[in-house]
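Colleague: got a sequence here, can you build the structure:
(2 chains)
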Amino acid sequence: MKKRYEPGEIELKWQAAWAGNGKNIFSAGISHEKPKFYCLEMFPYPSGKIHMGHVRNYAIGDVIARYKRMRGYNVLHPMGWDAFGLPAENAAIKEGIHPAHWTHENIAYMKKQLIRLGLSYDWSREVATCLPEYYKWNQWFFIRMYEKGLAYRKASFVNWCPSCSTVLANEQVIDGKCWRCDSAVIQKELEQWFLRITAYQQELLDASDGLAGWPQKVVLMQKNWIGRSDGLEAVFRVEGTGDSITIFTTRADTLFGARFICLAPGHPLAEKFAEPGALAGIREHYGKVDEKHGLFTGRYATNPVNDEKIPIYVANFVLMEYGTGAIMSVPAHDQRDFEFAQKYGLPVKVVVTPEAGGLVPSDRAFEEDGILVESGPFTGLKSAQAREDISAFVEGRGMGRKVVNYRLRDWGISRQRYWGTPIPMIYCERCGIVPVPEKDLPVVLPEDVKFTGKGASPLAESEGFLNTTCPSCGGNARRETDTMDTFVDSSWYYVRYCSRKDEPALDKGNIGHFMPVDQYVGGVEHAVLHLLYSRFFMRVIRDLGLSGVSEPFQRLLTQGMVCMETIRCPEHGWLYPSEAEGGVCARCGRAVERGRTEKMSKSKRNVVDPDHLIKTYGADTARLFSLFAAPPENDLQWSEKGVEGAQRFIQRVWAFVYDNMEGLASVKGQPPEGVSPLLRKTHQTIMRVTRDIEREYHFNTAIAAMMELMNTLAAAEHGGREEQEGLRQVRFALEKLLLMLSPFCPHVAEELWEAIGMPSSIQLEPWPEYDEEAAREEEVELVVQINGKVRAKIMVPQGLSDEELKGRAMELTRIQEAVSGRQLANVFAVKGRLVNIVVK
RNA sequence: GCCGGAGUGGCGGAAUUGGUAGACGCAAGGGACUUAAAAUCCCUCGGGGGCAACCCCGCACGGGUUCGAAUCCCGUCUCCGGCACCA
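Modeller: Below you'll find the model as predicted:
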C-alpha cells in the first residue's frame, strides 16, 4: 500500500478486476435463490460526452444497485443508448459524417466514461436503439398495434417545428416552443400515424393513485395531463336547416345562461354556414393565444333546456380537438365567453349568484359555483345539484347525455426525418395500406442517402428504399418514408434489458423474472413524456400476452439538476471559470459579474467536464461529492471546494489505514469482546446509514454519518493503541466503515479492503448488521426545561422511569432556584430525555 | 389565471409520529508544525448583552393551537416547477 492516495491508479486496477477478462462480476442472470431487484437509470442520448447530470444520475443508481447486491438481491443493473435522434442527423448535414458513424463513435467514448466512473453495469444487456436488431421490435410493436387498431393514420393539424423540419407530439411542445431547439412551433395539416394512447386513458388515470413509490408531483402532473373532466353533451337544433350542434360543457348548471353558440373554425357546420373568405380570416387566428375573433353565421340554434333561440358564431378560441368542437357560451360565468361577448356586443345573463350573498361582478365573469337564479324549475338549487338535475333533464328529453372528456390526445409518432425507426408500412395503389410482413422485418434504414438538410426527408428521396412491391398483391408499391418518434424506442427498452444481447428480444420467461423495474432513477423532465408513454407501452405489452405487469416502474426517483454559478464579462458574455481567474476576464481584464446559480449548460458556460473532474480527483471523489452535497431529489450546487472536501474525507480514511497498518494486521480475524464508545458509535453508524439509504435514499446524511464515524475513529486511534482489545475495536469499526463506503466509493473501499488483508472482493461481502443493544448509550443527556425553555442539561443513566427523571430534574439547584416562590403547575417527561417543568 | 412544492447560519444542508435548532461538509478567523509555502493537526464560528456563571433574540412575515411549534392550523409575502383559451 502506498502512503499517497492515487485514485487514478487504483480505480483503473479495480475496474479491470471487475470486468475480469470478459466475465463481468456485475452480470445478472435468472436466480432462484435470491430475490430479484431491477435497478434502472434513464439511458442517455449519445451526444458525444457525458455531462454532470449523467454523473449524478448514474452515481445514485449505482449506489442503490451495489447496496441491494450487498443486501442479498440478484440485481439487474443494465445500461444502453437512446441512439436515434436529430443531433446525429444534424451532424451529418453539417459535417458530412453518417449518423450511424457519428452515433457509434459517441457511444464508444461515452461507454468508456461510464466504465471509468466505476458504475456496476451488466454490459451483456447493452442496447443501442439505432441497431436494426433493436428497432426491428419497434416495427414489430407497431404492426401488432396496427392489427389491434391501436395504430392508425389520419390527417390533422399538427405541431410543426420549422427548424427541425418535423412534427412534434403535444408533450414535446413546451410554452409553444420545440422541446429540443426552442423554435416557435406552428400548426400544419399533415397525414400521420398515431398510437391510440387514449384507449388506456382511464386505466392510466385510475392506476396513477397506485403509484405509491413515485413522487406525488409526477403523479399529479400525469393526472393533469390526462385531464379527465365530467360533463354533459347537449344538442342544439339549428333553425331551419335540420342540422344540430352538439356541445360539451362541464357547467350544465349554467345552461339557462347560454347566450350564443361558438363553433371551432374546423367544425363541419362552420364550413357549411360561414362564407369561406370570412372563415379563413378566423382560421388565421386559430390556436393562438391572442385576441378573440368571431364571425356570426346568420343562423340560430335552440337551447334544449328552454327552447330559447340563440345566435351561432364561429370563434378562433374554440378547439376542434377537444370535446365536440362546439361550445355554448355563457358570458356571465365564463371569462372567455365574457370577453367574446364584450367585443361583439352580445348580452350577458346571470344565472348563478354567490352562495354567501352579494352581487355578481359586472366587469368579469363569475366562474364559481353558487345558487341558481332565473333557471326555470332549477332556480334556487346549488350548482352541484343543478348540474346533476339539469343533465338528467336534458337526457330525459333525449337531447343529450352525460360524457367524460379527456385532455389527452393520441400520440402522433410520424417524424419526417431519416435517423429513426422506419414505420413498417407499404402503400399499394390496389390494396391500400399494407403492413410489412413479420418475416420481412426489420425494414432497415438505407445507407446510401444524402443529407442536405433541405426538402423532404432523405428517405423520401431514396429510390431504393421508397420503391417496393406490395406484400399482398405483388404489384408496385411504395414505402412509408416517415420514421418513428424516438420516444417509441425508450418506451420499452427496460423490457429488452430483461434478456441478454444474445438472447431473444421479448422472452416471456426473462420478462416475467425481472419486470417490473424496482427502482427507476432519472430526471423530472420526463414526467409526462417518457414516463407516460412507457406506462402505455407496458399495458400494450401486457395485452399482447408478454407480461403480467401493468406498471413498468415500481419506484421512481427524480433527481434534481446539477447547477453552478454563472460568470459574465460585460463585454465578452458568459465565461468559463478558467477564463475568469482572479475575478477578471482573461481576454479584456474587466471585472466579471457573478450571476445566479443555474442549471449547468454549455451556452452559459457554467459546466464542469467529467473527464477533467475524474482526472483531477478520481471517480470515487466525483461520486461522493455528487451524493453528499444534497439529497438526490434537490438541485445540486456544484462547488470545487466541496469536491475537495469530499476528497479530504477519502484521504483521511486512506491515511488512517496506512498509519495503522501494523496494528490492524496484528488483530486480523479477532472480533472485539468488550464495549466502548467506538463500538457503540460503529453500531449507531450502521443503523443510521442503513436507515438513511432505506428511507428515501438520503445519501447525504448517510455519508455524514460515515464522516462522523471516521472522526471518532481518528480520535480513538491515539488512546490505548498498545492494547490488543483496543486494536480489535479499531479494526472492527474500520471494516464496517469500508463496507458501508463501498457502494459510494467502490474503488477505494476495495483497495483498502485488500490492504487490510481481506482475501476476496468487498463487492461480494454482505451489508453489515448492527446490534441495537450495542448501539445503545449507557448515559443520555437529560434536557430540563422550565416553561419550554432549556434551563439545564445533565447526564443520567439510560432507562430511568419518567418519575425518576422528574425527580432528577427537580433536585437540581438551578431548577430549585428557578422554581422557588412560584406555583408548580405540571411536569412532563418525554422519551427519557427531556423534562419540562411548568410553573406559574 | 389554475394546480403543486419550497422558504432554516456567510454557503450546501441536518433536525419532521410536535420535545436540546444548526449534525456533516464548505467558507472564514485564530493557533501548532515548517526557513517558507502547501499539506496536516488543534481551537472558534447564528445575532446581541455580560468579567463571569449566564441572559435575551432567532427556522420568510403576522396571528393561533399547545406545557412545548422549524414541524400542526389560518392569513400574507417571495421563489421554484407544471398546465395554460381543454369549455
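Colleague: so what's the residue lying closest to residue A:143 once chain neighbours are set aside up against?
Modeller: Closest residue in space to residue A:143, ignoring its immediate chain neighbours: residue A:435 at 4.7 Å, by C-beta to C-beta, 6 or more residues apart in numbering. All C-beta atoms are positioned from the backbone trio N, CA, C, and that covers glycine. By C-beta atoms under 8 Å, 6 or more residues apart in numbering, residue A:435 lies in contact with A:143, A:146-147, A:424-426, A:471.
Colleague: at 10 Å what do you get?
Modeller: Residue A:435 sits next to A:139, A:142-144, A:146-147, A:151, A:423-426, A:441, A:471-472, A:480 when contact means C-beta atoms under 10 Å, 6 or more residues apart in numbering.
Colleague: out of those, list just those in strands.
Modeller: Counting by DSSP state E, the contacts of residue A:435 place A:151, A:425-426 in strands.
Colleague: just the buried ones from the contacts of residue A:435?
Modeller: Using 16 or more other C-beta atoms under 10 Å as the burial test, the contacts of residue A:435 include A:139, A:142-144, A:146, A:151, A:423-426, A:441, A:471, A:480 as buried.
Colleague: include distance to residue A:103 and pLDDT when you put those residues into a markdown table, please.
Modeller: Below are the buried ones among the contacts of residue A:435 laid out as a markdown table (distance: C-beta to C-beta, whole Å; pLDDT from 0 to 100):
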| residue | distance to residue A:103 | pLDDT |
| --- | --- | --- |
| A:139 | 19 | 98 |
| A:142 | 22 | 98 |
| A:143 | 25 | 98 |
| A:144 | 27 | 98 |
| A:146 | 28 | 98 |
| A:151 | 26 | 97 |
| A:423 | 20 | 98 |
| A:424 | 21 | 98 |
| A:425 | 25 | 97 |
| A:426 | 27 | 97 |
| A:441 | 21 | 91 |
| A:471 | 30 | 94 |
| A:480 | 23 | 96 |
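Colleague: and which of these is nearest to RNA strand B?
Modeller: residue A:151 (22.5 Å; C-beta to the nearest atom of the strand).
Colleague: verify the contact between that closest one and residue A:480 for me.
Modeller: No. Under the criterion of C-beta atoms under 10 Å, residue A:151 is not in contact with residue A:480, lying 11.5 Å apart.
Colleague: shared neighbours, those two?
Modeller: In contact with both residue A:151 and residue A:480: A:193, A:423, A:425, A:435, using C-beta under 10 Å, 6+ apart.
Colleague: the last one pairs with what?
Modeller: Okay, so that is residue A:435. Per DSSP bridges, the residues bridged to residue A:435 are residue A:425.
Colleague: contacts only, for residue A:186.
Modeller: Counting by C-beta under 10 Å, 6+ apart, residue A:186 touches A:157-162, A:176, A:287.
Colleague: can you check the pLDDT for it?
Modeller: Listed pLDDT for residue A:186 reads 78.
Colleague: what does residue A:21 give?
Modeller: 65.
Colleague: and chain A, what are its domains?
Modeller: Segmentation of chain A into domains, based on automatic domain parsing, reads A:137-196+A:410-486, A:228-406, A:660-775, A:779-839.
Colleague: quick one: mean pLDDT for the second one?
Modeller: Taken as a whole, domain A:228-406 carries a mean pLDDT of 92.
Colleague: endpoints of it, how far apart?
Modeller: With C-alpha to C-alpha, to the nearest Å applied, domain A:228-406 spans 4 Å between its terminal residues.
Colleague: I'd guess residue A:782 is in a helix, am I close?
Modeller: No. Looking at residue A:782 with DSSP: H, G, I helix; E, B strand; the rest coil, it is strand, so not inside a helix.
Colleague: I'd like the distance between it and residue A:591.
Modeller: As judged by C-beta to C-beta, to the nearest Å, residue A:782 and residue A:591 stand 56 Å apart.
Colleague: the more surrounded of the two?
Modeller: Ranked by neighbour count (other C-beta atoms under 10 Å), residue A:782 and residue A:591 place residue A:782 first, with 21 against 12.
Colleague: could you measure from the residue nearest to the more buried one when sequence neighbours are not counted over to residue A:781?
Modeller: Leaving out its chain neighbours, the residue that sits closest to residue A:782 by C-beta to C-beta, 6+ apart is residue A:796, at 4.7 Å. To residue A:781, residue A:796 is 8 Å away according to C-beta to C-beta.
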